[in-house]
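Chemist: The following comprises the amino acid sequence and a computationally predicted model.
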Amino acid sequence: AKEHYPVDLSRIYMVGYSLGGFMTARHGIRWPERFAAVGIGGMLFANGPTGLHRQNDIDWPGETITPEMVAHAAEVKLPVCVCMGEHEILGLLPVWKDEPPFTPPGGDASEERGDRIDLSGKNKIASVNNWREIAGCARIPEEAVRAAAQEEGDIVTKKLGFPTEKTSVEVREGRNYLIGDCVNQKGENLARFVCVEGASHWPTRALTELTWEFIRRFSRDPATGELICTVY
């Protein structure tokens, strides 16, 4: 791409939806220094092992997100915007809720292949906590997540299924977008979670706009690798 296009090396982003979001999370955490920020739609997972994944007669290699990878991404600082529909086919929200393991179409749920996706509340909460650690925020104990999310109160916390430092609601195209921002002690907002109210597993125009509006704040110095933010 650099040979044929005027690529701005300080503003390289990775964005994906569904399986693309799944791989964006894993590639971003594996090579955080390559990206100024990442955007994930219709997906959440940033934790643990993934076995060989078969879809449309194609085998996708497995990969494991380790604590060391998360710690490295936190050191490098990898901003992320995660957008999920309220009624995703995988039952991503609220994150504390346990769902039966999911086998993708064309997949093989055998133990040897490991195609099944762990949709337990424990795994979803662990994924959120990995993003929080990467954003420089404290991890939230699983019990505290479940307690906070099931209390009557903030609608964003209730819909996402976990608390964040700052919440807001935007109405776009006649639909509520419930936004939870993870703000660290330095005042940096490096992780944003969005619940698209009433939506299933399908990207909306506003979802892509919200993702871009968040990640475009960030750039990365190609020489030093330092993350630069125009506005928090």
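Modeler: Great, that's in hand. Numbers count the residues shown, from 1 in each chain.
Chemist: C-alpha from now on. contacts and neighbour counts both.
Modeler: Noted.
Chemist: And the helices in the protein, which stretches?
Modeler: Along the chain, counting by DSSP state H, helices occupy 19-30, 67-76, 121-134, 142-150, 155-160, 205-215.
Chemist: Where does the prediction get shaky in this protein?
Modeler: Low-confidence segments of the chain (pLDDT under 70): 51, 103-116, 152.
Chemist: roughly how far apart are the residue nearest the centre of the chain and Arg146?
Modeler: The chain has Val82 as the residue nearest its centroid, 3.9 Å off, counting by C-alpha atoms, centre = their mean. Between Val82 and Arg146 the computed distance is 20 Å (C-alpha to C-alpha, to the nearest Å).
Chemist: Make JSON lines out of the helices of the chain and add mean neighbour count.
Modeler: Shown next, in JSON lines, are the helices of the chain (neighbours: other C-alpha atoms under 10 Å):
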{"stretch": "helix 19-30", "mean neighbour count": "21"}
{"stretch": "helix 67-76", "mean neighbour count": "18"}
{"stretch": "helix 121-134", "mean neighbour count": "23"}
{"stretch": "helix 142-150", "mean neighbour count": "16"}
{"stretch": "helix 155-160", "mean neighbour count": "22"}
{"stretch": "helix 205-215", "mean neighbour count": "17"}
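Chemist: Nearest to Leu93, out of those helices?
Modeler: helix 155-160 (5.8 Å; C-alpha to C-alpha).
Chemist: Now Val95. Nearest residue, chain neighbours left out?
Modeler: Excluding the flanking residues, the one nearest Val95 by C-alpha to C-alpha, 6 or more residues apart in numbering is Gly161, at 5.0 Å.
Chemist: neighbours of the one you found, just the number please.
Modeler: By other C-alpha atoms under 10 Å, 24 other residues sit near Gly161.
Chemist: And stretch 183-197, what's buried?
Modeler: With burial defined by 16 or more other C-alpha atoms under 10 Å, the residues of stretch 183-197 counted as buried are 183-184, 188-197.
Chemist: Just the ones in strands from these, please.
Modeler: 183, 189-196 (DSSP state E).
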